[in-house]
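Trainee: based on what follows, work out the 3D shape:
(2 chains)
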Amino acid sequence: MNVLRILWLTLILAVVAACGGADEVAGPPDTLQRGISSDPETLDQHRSRSIQAADVIRDLGEGLVGYSATGELIPAAAQSWEVSEDGLKYTFHLRDGLRWSNGEALTASHFVAGMRRLVDPSTAAFYAEMLGDLENAAGITSGDIPVSMLGVEAPDERTVVLRLVQQTPYLVSLMTHPSTFPIHPGSIAEHGDSFARPGKLVSNGAYRLEAWVPGSVISLKRNEHYWNNAGTAIDAVNYHVIVQDSAELNRYRAGELHTTSTVPPDSFAQVREEYGEQLHVAPYLGVYYYGYNLTRPPFKDNAPLRQALSMAVDREQLALRVTGRGEAPAYSWVPPGVNNYEPPLSSFAALSKDERERVARRLYKEAGYSAENPLKIEVRYNTNDTNRKIAVAIQSMWREVLGVETTLINEEFQVLLANMRDAEITQVFRSSWTGDYNDAHAFLSALQSGSATNMPRYENEEFDALMALASNQVDPEQRKLYLEEAERVMLADYPLIPIYFFVSKHLVSPQIEGWGDNVLDYHYSQQLSFKAVP
Amino acid sequence: MLRILGAIPTLLLVIALAFLMVHAAPGGPFDDERALPADVEANIAAAYHLDEPLPQQFLRYMSGLLQGDLGPSYRYRDYTVAELIGTAFPYSLKLGAMAMTLALLLGVTAGTVAALRQGTALDKVVTGFSMTGISIPVFVIAPVLVLFLAVKLQWLPAGWSGATGMSRYLLPVITLALPQIAYIARLTRASMIDVLGRDFIRTAHAQGLGTATIVRVHALKPAMLPVLSYMGPAIAAILTGSVVVEEIFGIPGLGQFFVRGALNRDYTLVLGIVVFYASLIVFLNLLVDILYGAIDPRVRYR
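Mentor: Residues are numbered from 1 along each chain as shown, chains lettered A, B, ... in the order given. Just a heads-up that it's a prediction; the model follows:
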């Protein structure tokens, strides 16, 4: 065999490989091109978990309730609803003539089926707790009660009734969450758990699933059977999976995207200069924090030390100089902008920088530390540029104000999560918390004793009692006071250091109309449109 | 045949090691900043058999593997690992095959020309390019090419899903091929210079043959041996390079799934790709050995 023949053979093989397979995706020219930072795990609303999956599912499906572009609750599949006097029974009235993307009628029982599937232990849904306040929900998820006992029913084809065990004033907003969307019973019967794949998924939202190339692109097409089809402007949507934020920016620059999922931190200043009004920065329901491990020394039973470290962190400096994308310095756990809530601030928020440092030094000394006997601690964070910059800045603040000797340990994300969960070797760890619904409860409940999400392992009976009082309070004003008091109690214990509140960052093409900024960072494709060319 | 059988213990060892390593890494596939309530977590662990002891999970995995079942992906919950590899590998293959072809065509041509014009300006250009090409990593080349060809000039799409047809493969293929072109050019040049200095080439010249004929008929074949041996490492380099290229350009290939799988602790996906790649590499090595024997009759395998 001649060497040239081998080369020719390779060449022919390569050409064959190159020509094989039809993989056309791009879609018609007036397709909305959106960037998304990772693939959804699945488009099954119950087995998915990520923000990215929820973003796509909100285009495909529709709950009883929705959000406007600016973040107000609006009727969706339900055109109206009412709450009983005691606040424990919600009745939703569906629109007339709702249909699935295959043309079949959508009835109230499909909402019931969806909610039952959510709490069913055999579904193993991540968000099973979303409806944890429904009658019997907890017992069903733990496998003790049959799923048919769930406190949701369809007395007729157009009415969904939910019965609760405690006050959940944010229940209506939960009906916007994909985990509470209806399910097409025929698809599950036919395809089992793979019903959400392209070619199988039957959806009830403004779009239907056209194609999904994992790792690359998800294509949606207009759902002709959607009740508000006439109000949906854009025919087709592509979600391009782009993991690297710099690659996403390049693709926006090259004109391949109309909206981006974020803006790279390094290029932020340049992007603001270059794109001006195309850059959308808005407060977001999330807090970046450092948690203490409260189960181990030196932070166990040592509130003065925790307070000293918290006070020595110059949040203004961090938000302004280190992150620099419009983040707000955090002196509370619940972000500002949450419905019907005024976050109380840490006691030292009103003090000047010098005063804070003076008090911090006094507390540090009271805790038994000094220049000769400095506190030595480890801070763990997951490897990422912003995290590293913040850790380095805090390390130097603690050293300068208090003389603390901090060791920075960067870990892979999954490693950090495992360490946080074990709460054995951690001392201080970086984490964040985002709200799934627009209510202070979404933040405060994360710190209740025994909650799996309570990473510092905070325990305070008074806090728990106030949370319980709030959960049983019908009067929204009184409930608000209980929640605020609970946060005040918690902040005074310094179980963690809130550092800054997140902002959402997007580039939106000037061709696009209808984009609104909101704290939940929801941007339904059906609310967007292309500007008419003059 | 013996060599094929000999590859099986190697594969088994690779699988066992990979299984241990992915499970030894701290954290699990379902850990998140939003930790799960105990009930929910137990339900999920049970659904994926993650609550079983590790040896039992290994046996379950191996028995599945023997039946050709690579299991479900933990991260892509609607897909099995076999499906993901099945859809992703053709993209990686296409990308790799085109890059390899480009590298061979340009590398061998440039190397031969440089060897024939040894010491001239042309030679210096080729060697200079080779040095640069070898030393600049793919993750630097890619953004620079994107910036000029896609963002500034807008000749080519910046991302794979931004266009249809062949244009979207151009930038990734060039990025991936560049270091290989450089390396193959260097190899060819050195070995061609060596071959051109041999006695039989001088004899050919004395017989009055033209340079083109001498290179084509007499010199190319012996000069290609080092290049052919380099094919194995080159394929490995293109596989690893494609990890970066696929992520930057958003190509839905195996490399991307491998990296994401490792970071997400998608045990089955990572293992599946390891098994797949290991089998592929064992097979390719075998193929190169056989080809080598075909070119050089002195090398024979039983």
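Trainee: quick one, what contacts whatever residue of the stretch 301-450 of chain A ends up closest to chain B?
Mentor: When scored by CB to the nearest CB, the stretch 301-450 of chain A has A:Gln414 as its residue closest to chain B, at 2.9 Å. Any C-beta I mention is one placed from the backbone N, CA and C, and that applies to glycine too. Neighbouring residues of A:Gln414 by CB atoms under 8 Å, 6 or more residues apart in numbering or on different chains: B:Ala25, B:Pro26, B:Gly27, B:Gly28, B:Asp31, B:Leu263, B:Asn264, B:Arg265.
Trainee: I'd like the residues you listed laid out as CSV, including neighbour count.
Mentor: What follows is the contacts of A:Gln414, written out as CSV (neighbours: other CB atoms under 10 Å in any protein chain shown):
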residue, neighbour count
B:Ala25, 17
B:Pro26, 16
B:Gly27, 21
B:Gly28, 21
B:Asp31, 21
B:Leu263, 16
B:Asn264, 24
B:Arg265, 25
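Trainee: which of those residues lies closest to A:Asn387?
Mentor: Ranked by distance to A:Asn387 (CB to CB), the contacts of A:Gln414 are led by B:Leu263 at 15.4 Å.
Trainee: how about the closest residue to chain A within the stretch 1-150 of chain B, phi and psi?
Mentor: Per CB to the nearest CB, B:Gly27 is where the stretch 1-150 of chain B lies closest to chain A, at 2.9 Å. Dihedral angles of B:Gly27 (phi, psi; degrees, to the nearest 10) stand at phi 90, psi 160.
Trainee: now do it against A:Lys89, distance only.
Mentor: According to CB to CB, to the nearest Å, B:Gly27 and A:Lys89 sit 42 Å apart.
Trainee: and what of A:Phe501?
Mentor: Distance from A:Phe501 to A:Lys89, by CB to CB: 35 Å.
Trainee: whatever residue of the stretch 201-302 of chain B ends up closest to chain A - how many residues pack around it?
Mentor: Minimum separation of the stretch 201-302 of chain B from chain A (CB to the nearest CB) falls at B:Pro252, amounting to 3.6 Å. Neighbourhood size, B:Pro252 [other CB atoms under 10 Å in any protein chain shown]: 25.
Trainee: residue contacts, it?
Mentor: Here B:Pro252 is in contact with A:Val213, A:Pro214, A:Gly215, A:Ser216, B:Thr87, B:Ala88, B:Tyr91, B:Trp160, B:Glu246 (CB under 8 Å, 6+ apart).
Trainee: part of a helix, is it?
Mentor: No - assigned with DSSP: H, G, I helix; E, B strand; the rest coil, B:Pro252 falls outside any helix and is coil.
Trainee: what pLDDT is listed against it?
Mentor: Listed pLDDT for B:Pro252 reads 90.
Trainee: same check, this time on A:Glu24
Mentor: Here, the pLDDT recorded for A:Glu24 equals 48.
Trainee: for the chain, what helix or strand is lowest in average pLDDT?
Mentor: Since no chain was named, I'll use chain A. Across the helices and strands of chain A, mean confidence by mean pLDDT, DSSP states H and E is lowest for helix A:3-19: a mean of 56.
Trainee: where does the stretch 1-150 of chain B have low pLDDT?
Mentor: Within the stretch 1-150 of chain B, the stretches with pLDDT under 70 are B:1-4.
Trainee: how about the secondary structure of A:Phe92?
Mentor: Going by three-state DSSP: A:Phe92 is strand.
Trainee: that one: how many residues sit nearby?
Mentor: A:Phe92 has 25 neighbours, counted by other CB under 10 Å.
Trainee: which strand in chain A has the most residues?
Mentor: The strand that spans the most residues within chain A, counting by DSSP state E, is strand A:279-292.
Trainee: name the helix or strand for B:Leu287, please.
Mentor: Per DSSP states H and E, B:Leu287 falls inside helix B:267-295.
Trainee: which secondary structure elements does that helix contact?
Mentor: Applying 3 or more CB pairs under 8 Å, 6 or more residues apart in numbering or on different chains; DSSP states H and E, one finds that helix B:267-295 contacts helix A:3-19, helix B:2-24, helix B:54-66, helix B:81-116, helix B:220-249, helix B:254-264.
Trainee: next, the angle from the fifth one to helix B:267-295.
Mentor: Angular relation of helix B:220-249 and helix B:267-295 on a 0 to 180 degree scale: 160 degrees, by axes from the mean of the first three to the mean of the last three CA atoms, to 10 degrees.
Trainee: cool, and the shortest one?
Mentor: Orientation of helix B:254-264 against helix B:267-295 (the same axes, to 10 degrees) gives an angle of 140 degrees.
Trainee: please apply the same query to the fourth one.
Mentor: Helix B:81-116 and helix B:267-295 meet at an angle of 40 degrees, taking the same axes, to 10 degrees as the criterion.
Trainee: show me what secondary structure element comes after helix B:81-116.
Mentor: helix B:121-135.
Trainee: would you mark the buried spots in the next helix or strand after that following helix?
Mentor: Per DSSP H and E, helix B:121-135 leads on to helix B:138-145 as the next helix or strand towards the C-terminus. Residues B:Val138, B:Ile141, B:Ala142, B:Pro143, B:Leu145 are the ones in helix B:138-145 that count as buried (16 or more other CB atoms under 10 Å in any protein chain shown).
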